[in-house]
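> turn this into a structure:
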Amino acid sequence: MIRLRPYKRCDAEAIVEWCEDEMTYLNWSGGKFGPFPVTAEVIDSKYKNDNGGCIEPDNFYPITALDRDEIIGHLIIRYIGSNRILRLGWIIVDKKKRGQGYGKQIVALALKYAFEILMAGKVTIGVFENNLSAYNCYKASGFSEVIDGEKYKEIRDYNGRTWRVIELEISADKYYQSMKNI
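Now for the predicted structure:
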């Protein structure tokens, strides 16, 4: 049974282990923690001392996913623009669990929390265009490519490389409609 709980410092050690190569690390973080390899101390410091890089206070919620008592994944939730729009990010699944549907289960729980507890009107997420497995996971979870607004963004990593991000979103209406169909 998959469940979510607030991030703990010890979770950073698992995240570092899952970032076994630079591409996995960059697809997870966009290099926002600095050069690869990243350390547990760097992740924990960014979360605890830098509010995950968020300027606004009380706007950054790192979450860990567990299957029974085993850490299997991680993500963050943050508000953007208003208290009605949430953004998921930094989603990663244990490298031994990838391809088994855990990512979709984690995203489903995060959406349930966002819409049913936090009462979001919309949830957004960005995915690098080269990360096809994550893109497919988010689409299967109900996200659609942004129609109104900026569909693509570009970011630069610590080496100056440009990465194209596909912007996805799901509205509360679409989420609740999908729940009726289950």
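
> who touches the one helix or strand in the chain whose mean pLDDT sits lowest?
Lowest by mean pLDDT, DSSP states H and E among the helices and strands of the chain is strand 152-156, with a mean of 86. Identification of contacts with strand 152-156 by Cβ atoms under 8 Å, 6 or more residues apart in numbering yields 30, 126, 129, 162, 163, 164, 165, 166, 167. The way it works is simple: take the backbone N, C-alpha and C, and place the C-beta from them, glycine included.

> helices along the chain, start to end?
Along the chain, counting by DSSP state H, helices occupy 11-18, 22-29, 40-49, 102-112, 132-140, 172-180.

> and the pLDDT at the residue positioned nearest the centre of the chain?
Residue closest to the mean C-alpha point of the chain, counted by Cα atoms, centre = their mean, is residue 89 at 2.5 Å. On the pLDDT scale, residue 89 is placed at 97.

> nearest spatial neighbour of it, skipping sequence neighbours?
residue 76 (5.1 Å; Cβ to Cβ, 6 or more residues apart in numbering).

> what of residue 130?
Using Cβ to Cβ, 6+ apart and skipping residues adjacent in sequence, the residue nearest residue 130 is residue 27, 7.4 Å away.

> so the one you found touches residue 134, yeah?
Yes: proximity of residue 27 to residue 134 meets the contact threshold set by Cβ atoms under 8 Å, at 7.0 Å.
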